[in-house]
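K.L.:
I'll drop the sequence and a predicted model, then ask my questions.
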Amino acid sequence: MPDGTPLRLVIIIGSTRHGRFGPTAASWFTAQARKRRELDIDLIDLAAARLPDTLTDQDEAVPEPVRALAPRLAAADAFVVVTPEYNRSFPAPLKTAIDWFYEEWQAKPVAFVSYGRESGGLHAAAQLREVFGELHAVAIPTLISLPCYWELFAADGSWPKPTATCNTTVKTTLDELTWWAYALREARANRSYTC
């Protein structure tokens, strides 16, 4: 912790579908992140956030769920988005959640934990990189991809198996995310980001 203040990491569960795998993947990632003393974790489940599907116009009042979530995102130094891949893309509720906010994402790093069939959610993550780039966030290079994630359950029902590659990729992802989070937090503190 360069200045002694922990990094605020917001982990977002991007699926709201019944029977979703997102909470399982997010719980595993959160447990890995909690091993790092420099990280202060805030887990946001979009299913619980209940953000409205329809965005308001500029002269309309901002709905209460949006006002409630805004300070949590604004306080973040970094984000991790846990997303499935549906039809070669990411879920609509996740896009709506992203679009409700703007400045909250700016000049902050974002990492992805994607899951799906054989692609492991890589199509969803690629599209999210473009979206967050437009919002002036920094998508880190390494991501955690979980192809055929249902095959990674151990015999006792735990997830993931000790031999799963995500168990090693998570370290690199957290290393990169932490580096960028410190660098960008320092930059934001020394110079306001305007675009």
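P.N.:
It's in. Since we're looking at a predicted model, the values are computed, not measured.

K.L.:
Around residue 162, count how many other residues there are.
P.N.:
Neighbour count for residue 162, taken as other CB atoms under 10 Å: 7. Every C-beta, even on glycine, is put in place using the N, C-alpha and C of the backbone.

K.L.:
for it, what are its contacts?
P.N.:
Residues in contact with residue 162 (CB atoms under 8 Å, 6 or more residues apart in numbering) are residue 154.

K.L.:
Kindly recompute the last result at 7 Å.
P.N.:
Residues near residue 162 by CB atoms under 7 Å, 6 or more residues apart in numbering: none.

K.L.:
Pick out the residue closest to the middle of the chain.
P.N.:
residue 81 (1.9 Å; CA atoms, centre = their mean).

K.L.:
Can you tell me the SS state at that residue?
P.N.:
Here residue 81 is recorded as strand under DSSP: H, G, I helix; E, B strand; the rest coil.

K.L.:
isn't it right up against residue 11?
P.N.:
No - with contacts counted by CB atoms under 7 Å, residue 81 stays clear of residue 11, the gap being 8.1 Å.

K.L.:
circling back to that earlier point, give me every residue that touches the residue nearest to the centre of the chain.
P.N.:
12, 14, 110, 112, 128.

K.L.:
cutoff 8 Å now
P.N.:
By CB under 8 Å, 6+ apart, the contact list for residue 81 reads 12, 14, 94, 110-113, 128.

K.L.:
Show me what the closest residue to residue 85 other than its chain neighbours bridges to in the sheet.
P.N.:
Residue nearest to residue 85 in three dimensions, not counting chain neighbours: residue 116, with 3.5 Å by CB to CB, 6 or more residues apart in numbering. Under DSSP bridges, the beta-bridge partners of residue 116 are residue 147.

K.L.:
quick one on the thing from earlier: which one of the contacts of residue 81 is nearest residue 87?
P.N.:
Of all those, residue 94 has the smallest distance to residue 87: 13.5 Å, by CB to CB.

K.L.:
how deep is the closest one tucked in, by neighbour count?
P.N.:
25.

K.L.:
from memory it sits against residue 14, does it?
P.N.:
Yes - with contact defined as CB atoms under 8 Å, residue 94 reaches residue 14; the gap is 3.7 Å.

K.L.:
Overlap of the contact sets of these two?
P.N.:
Counting by CB under 8 Å, 6+ apart, the common neighbours of residue 94 and residue 14 are 46, 81, 83.

K.L.:
Could you list the low-pLDDT ranges of the chain?
P.N.:
The chain contains residues with pLDDT under 70 at 1-3, 195.

K.L.:
what helix or strand does the closest residue in space to residue 44 that isn't next to it in sequence sit in?
P.N.:
The shortest distance from residue 44 to any non-neighbouring residue, by CB to CB, 6+ apart, is to residue 12 (4.9 Å). When elements are assigned from DSSP states H and E, residue 12 belongs to strand 7-13.

K.L.:
For that strand, buried residues please.
P.N.:
7-13 (16 or more other CB atoms under 10 Å).
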